[in-house]
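[1] A structural model of the following input is requested.
(3 chains)
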Amino acid sequence: MSRRPIIQMIGIEKIYPDGQYALRGVDFEVFEGEIHGILGENGAGKTTLMRILYGEIRPTRGRIFVRGREVRFSGPWDAIREGIGMVYQHFSLIPSFTVRENLYLSMLSMNKKIRREDIDEIAREYGEMIGFKISLDEVVEDLPIGVQQKIEILKTLMRGARILILDEPTSVLSPLETVELFKILRRLKESGYTIIYITHKLREIKGLTDRVTIMRRGRVVSVVETDKVSEEELAKMMIGSEEFVFKRSEVKRKEKTEKRRILEIRGVSVVDDKGVEKVREVYLEIFNGEILGLAGVQGNGQKELAEAIAGIKKVSRGRIFFNGLDITDLDVRERYRLGISYVPDSRGEALIYNMNLVENFILTSLERYMNSLKIIDWRRVRKDLLKAVERFDIKTRSLDLDVRFLSGGNQQKLIIAREFSRDPKLLIVSEPTHGLDIMSTIYVRDLLRKFRDSGRGVLLISSDLDEIYELSDRIAVINRGRIVITGDPKELPPEKIGYYIGI
Amino acid sequence: MRKIFLEEAGSLYQRRALRYLLIFLEPMTAFAIATLINAFILYLLRYDPLEVYSVMFLTGYSDIHYLFIKSSPYIATGLAFSTPFLAGIFNIGGEGQLYVGALTALLASYVSRNFLISILTGSIAGALLSGLIAFLRVYRNVNEVVTAIMLNWIMYYITSYIITVYIYDPFAPYQSRPVPREAVINPDLMFIISVFTALIIYIVLFYTSIGYMMRVVGRSFRSAVYSGINIKRIMILSMMIGGGSAGLGGALIPLGTSPHVLDNTMSALYGVGFMGIGIGLLGRNNPIGIIIASIFISGLIIGGQNVERIIGAPPEVVDVIIGITIVMLAIPYILRNILAKRGVYI
Amino acid sequence: MISDIIVVSSLALTSMTPILLGSVGEIFTEKSGVVNIGIEGIFLLSALISLIITFVTEDPYLGLFTGFLIGAFAGFIHAVFAVYLKSDQIIVGVGFNMLAYGATVLMMVSIWQAHGASPTLPTKTYVISIPLGRDVITIHPLSIMAIGLAILFWWILEKTSLGLKIRACGEDPKSAEASGVNVYLMRIIATTVGGGLAGLGGAFLTVSWIGQFTRNISAGRGFIALANVAFSNWNPLTAILGALIFGIFDVLALYVPIKLSSLYGIVFTTQNNLFLTIPYLATIIIVMIISRRIKMPRSLGTPYIKE
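    Residues are numbered from 1 along each chain as shown, chains lettered A, B, ... in the order given. The predicted structure follows:
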């Protein structure tokens, strides 16, 4: 490996117009032909730094050198011309277009004279290089996520990129697809490409990269050669607090006195709007005092299953029982009233961003605050909300503030505060810590444990295996709408789970 | 620089004052820009903008009593736009709902000779017509703007047809027979009925569960689904409240304004429904704001009629001003966004 | 009977022209992700201004061209509000329609002191006349051109790189931008050109067809064009068929009472109003029937916000 830096970023600062610091003077260097990891938590500034390198965001201060020459990017186009390409976390393919149309569209920006027919030739050439074959007439949205990602990589290569930036590329992939992706990346490295790999997953850093830059709160904490550090050391650098150590389900909890079934799902299938069967004959049980962790790659029917339990989606087959009562035909509000609570993965769903805290607080418990004339008792809402704000330590300047002005962590706390104050018997919670900083994450996980310990049931849906292991009493794996295995976490090591997630 | 929130500024009362000031400031800025652009158009058409505006603003607001009476149907059509708008459905059919309300109220007055029954009939007719629009939108996914405009035209011709074929006045065949004297209402009562309706809708919107659900549907479809609100029902309901309000406004016109007839070109009704869109937006879709906006725009309309009498420019000059104002108000919270860019959040 | 069909369809060819031009313009606009319900207002403004230009220059073709320019200008303004100011596009359209209605009346009064209708043009654009028995069929070359334009714009949208870029903006502006498409520019171009087509349709109303301007001359045609966009499923070729159907109903509103009175000797005067509802009723019914299968551009009407 040559030791020549192909990219140097010096003293990069980024301050957003509202005064928030994203980057506080970052120096960053990548050698030609290496796979360079950027490790950091959510909000550490990894993506911002890379978007600056890609010309999407302009830095407030700082200089960028590519191959030793200073550059100033006014848009991604300048970056692409320097041979820098970005593979987004959310792909930049147009779902309703065919593969050819997508590739043609992106090539047009490089070469106005290119013809649709030329695309096939170029695509084949680069496809061979990374060992990927695809019919160009396929419509992108009909293809599996893993394939879409390969098209995205192909697209970037076709534009002549020599330096590839990948932003959390495995968050949407199954373990098997991840293995394939890594193969492609290693092949690219052998062909002389430089790869920058953004992630917060330690295992991937260890398994793939040559060197790693660790970021925390807008600063570079350290740059190390990956061979010379352990996962624990990396974790410490990433998180920064010495006293914090990884603990997996260490919290002690009293033995269950009696095992009572809270939820029983019997052979439930759910069909989505397009008529595709997303959940296929699922059988599941949740008992009181337990957290059932539902692991799987996003988009394998988790959301549809959760929505079927909450009553948002109708089931096409099967029955659902809650505390022995058949709730299959009840509507959402009736189920909520019985004591089911659902915290979806997207906060924009559970909260109305341009309504204030008070109005958001009654979204799922309207009945509790209205009298026989259906008049809402706003004063009582405020009183309860104030209590909840104190109890859950929600940081807000006023109850009348629109919730979009709250930080992600505080929004999540507000949702949980609202749902907990309804005193539910069963909590369905999806990706509860996604996008939260470490302190909020710990706090939210503690809340879930306490909730469980008070003798109620939790269905935890998460694509983060660490989270599943940390919290679950039992684990189930969902794959293409089917529950493929359930069992005790002690008897199901991560490798085995990974296998079931990926098959 | 850091975020500054309104909540930090001064005392509670100062904050409230500031917030209300901003609520007023945005529509008024839009209106001011509109008058300037309109002045330029007038100038191009060889009218003296100063003269037009001085007649408009000086004479429009001179008779307060008349101003209030004039504003009554506009309050109703403003509500007809805003109530569904808050629930995320666009009622551009206030005009047709106004016609059908006026016509059925007139017909009911012949039979019942009672103003209350007439008003109720007019309201229900308006509600049914708007309910049809909402029904098609919700259950057949038909764009409500297209249906509403088509229904406006259909109602225009049908009303005109019924007036001239079935209920024409033998002495003036282009217009209807007048409302029976027993069913005629005092103009002051007209205003009271409208304001009362606005207050009721205000309470419904902000203090009842139905109103809350409407506002949730209007702001976030996904959250409404998540919380189990019956979106279809709520949308139809909000549209019917709007249509009922427009029908009420239509009923008030023949019942409350002399000569208590309708004519074949709808001259007393024409444009009142469309103006409701401008009033609703100018009133920031708040019933109280709508009352204020209606009074304000009624002054312009009275002034516009005087402009025609005195200067000869047509009263449609008001449509130009309000049209531009609406376009300006379509920009989302101009001032708020300018302030937000400077780090001040309200 | 056969002569009726021929006469009605030749008349329909005329009445479909503004609807077709408006629809094709709107399809082009909407494919880029912008919705412009101000077609009605564009019809009004360009109908009047093209008439004024024709009166002044005595050249109806210059009038038509002016109509195009007026429409394009209005489209451009709409695009600025939609693209740069992130406005609610429906509200902008509603406001523009109101403004256009007021402004045309204002102009009509100030220029001709006329409150209902303008004077009639001495010279309209060229018309192809074909004698057929007792009737004379008239075909406007612009009607043929409108069909040609529909085909041309279909070709642009489906077969050219510009069309691909425009469609990308309507489907997924974020990805389009990432693929190197200038979303703002594409939306401005599409909305401006689309407005221009509608403007041509408005000019056709006065300069080719009716020969004078009357208050609210467009009479909801702009919205019928919008209905036709949904009917056509955003395909300019299908829009030709749709415009023809809507055009036939437009003709029937006038043709049915005339035919009935000539056949049965009934004289319709005030009852005429009832026949005038035909095109609007037909529009609602047609839209109701087709509404289920429509597939609109996915990002239609939502502003694209660059970071």
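[2] near chain B, which residues of the stretch 1-150 of chain C show up?
    Residues of the stretch 1-150 of chain C found near chain B, taking Cβ under 8 Å from any Cβ of the partner chain as the criterion, are C:37, C:40, C:81, C:85-92, C:94-103, C:105-107, C:109-111, C:113, C:115. C-betas here are computed from N, CA, C, even on glycine.
[3] try 10 Å this time
    C:35, C:37-38, C:40-41, C:77-78, C:81-82, C:84-111, C:113, C:115 (Cβ under 10 Å from any Cβ of the partner chain).
[4] ok, the residue of the stretch 401-503 of chain A at minimum distance from chain B - how many residues close by?
    Here the stretch 401-503 of chain A gets closest to chain B at one residue, residue A:405, 5.9 Å apart by Cβ to the nearest Cβ. Per other Cβ atoms under 10 Å in any protein chain shown, the neighbour tally for residue A:405 reads 21.
[5] same deal with the one 4 residues further on?
    Using other Cβ under 10 Å, residue A:409 has 20 other residues around it.
[6] that one contacts residue A:443, doesn't it?
    Yes. With contact defined as Cβ atoms under 10 Å, residue A:409 reaches residue A:443; the gap is 8.0 Å.
[7] any residues in contact with both of the two?
    A:433, A:436-437 (Cβ atoms under 10 Å, 6 or more residues apart in numbering or on different chains).
[8] which of the residues of the stretch 1-150 of chain C next to chain B count as buried?
    Among these, those classed as buried by 16 or more other Cβ atoms under 10 Å in any protein chain shown are C:35, C:37-38, C:40-41, C:77-78, C:81-82, C:85-111.
[9] looks to me like residue A:22 is in a strand.
    Yes. For residue A:22, which was evaluated using DSSP: H, G, I helix; E, B strand; the rest coil, the result is membership in a strand.
[10] residue B:220 versus that one, what's the distance?
    When Cβ to Cβ, to the nearest Å is the yardstick, residue A:22 and residue B:220 sit 28 Å from each other.
[11] next one: residue A:476
    When Cβ to Cβ is the yardstick, residue A:476 and residue B:220 sit 31 Å from each other.
[12] now the residue in the stretch 151-300 of chain C that chain A sits nearest to: which helix or strand?
    Going by Cβ to the nearest Cβ, chain A is nearest to residue C:180 of the stretch 151-300 of chain C, at 2.5 Å. Of the helices and strands defined by DSSP states H and E, none includes residue C:180.
[13] can you list the domain ranges for chain A.
    By the assignment in automatic domain parsing, chain A contains the domains A:5-239, A:261-502.
[14] now stretch A:225-240: how far from the chain's centre is it?
    Going by Cα atoms, centre = their mean, to the nearest Å, the spacing between the C-alpha centre of stretch A:225-240 and its chain's C-alpha centre is 22 Å.
[15] buried residues in the helix or strand residue B:21 falls within, which are they?
    Remark: residue B:21 resides in helix B:12-44, with elements defined by DSSP H and E. For helix B:12-44, the neighbour count (16+ other Cβ under 10 Å) marks B:15, B:26-27, B:30-31, B:34-35, B:37-39, B:41-42 as buried.
[16] now those residues in CSV, with distance to chain C and pLDDT?
    Formatted as CSV, the entries for the buried residues of helix B:12-44 read as follows, by distance: Cβ to the nearest Cβ, whole Å; pLDDT from 0 to 100:
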residue, distance to chain C, pLDDT
B:15, 28, 67
B:26, 14, 84
B:27, 13, 89
B:30, 10, 91
B:31, 12, 93
B:34, 9, 95
B:35, 13, 95
B:37, 9, 96
B:38, 9, 95
B:39, 13, 95
B:41, 6, 94
B:42, 8, 94
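[17] out of these, which is nearest to residue A:360?
    For residue A:360, the closest of the buried residues of helix B:12-44 turns out to be residue B:15, at 20.6 Å, with distances computed as Cβ to Cβ.
[18] which residues of the stretch 1-150 of chain B fall in strands?
    Under the criterion DSSP state E, counting those that start in this stretch, the stretch 1-150 of chain B carries strands at the ranges B:4-5.
[19] shaky segments in it?
    B:1-13, B:15 (pLDDT under 70).
[20] in helices only, show me the buried ones among the residues of the stretch 1-150 of chain C next to chain B.
    Among those, the residues falling in helices (DSSP state H) are C:40-41, C:77-78, C:89-111.
[21] show me what contacts the closest residue to residue C:96 other than its chain neighbours?
    When the adjacent residues along the chain are set aside, residue C:96 lies closest to residue C:38, with 3.9 Å between them (Cβ to Cβ, 6 or more residues apart in numbering or on different chains). For residue C:38, the contacting residues are B:327, C:26, C:44-45, C:71, C:74-75, C:77-78, C:89-90, C:92-100, C:195, C:198, C:222, by Cβ under 10 Å, 6+ apart.
[22] so how far is stretch A:481-496 from its chain's centroid?
    Counting by Cα atoms, centre = their mean, stretch A:481-496 is centred 21 Å from the centre of its parent chain.
[23] please apply the same query to stretch C:141-157.
    A distance of 13 Å separates the C-alpha centroid of stretch C:141-157 from that of its chain, computed with Cα atoms, centre = their mean.
[24] identify each buried residue in that stretch, please.
    Neighbour counts using 16+ other Cβ under 10 Å place C:142-143, C:145-147, C:149-150, C:153-154, C:156-157 of stretch C:141-157 among the buried residues.
[25] nearest to residue A:209, of these?
    For those, the nearest to residue A:209 is residue C:157 (45.0 Å; Cβ to Cβ).
[26] wait, the closest one sits on residue C:232?
    No. In terms of Cβ under 10 Å, residue C:157 does not count as a neighbour of residue C:232; the distance is 12.0 Å.
[27] what sits in contact with each of these two?
    Counting by Cβ under 10 Å, 6+ apart, the residues touching both residue C:157 and residue C:232 are C:24, C:27.
[28] residue contacts, residue A:338?
    A:322-323, A:325, A:327, A:330, A:424-426.
[29] in ChimeraX, how would I select just the buried ones from those residues?
    Buried residues within the contacts of residue A:338, by 16+ other Cβ under 10 Å, are selected in ChimeraX with:
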select /A:322,323,327,330,424,425,426
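[30] quick one, phi/psi of the closest residue to residue A:284 other than its chain neighbours?
    Excluding its sequence neighbours, the residue lying closest to residue A:284 (Cβ to Cβ, 6+ apart) is residue A:265, at 4.4 Å. Backbone geometry at residue A:265, expressed as degrees, to the nearest 10, gives phi -110, psi 120.
[31] measure residue A:265 to chain C for me?
    As judged by Cβ to the nearest Cβ, to the nearest Å, residue A:265 and chain C stand 33 Å apart.
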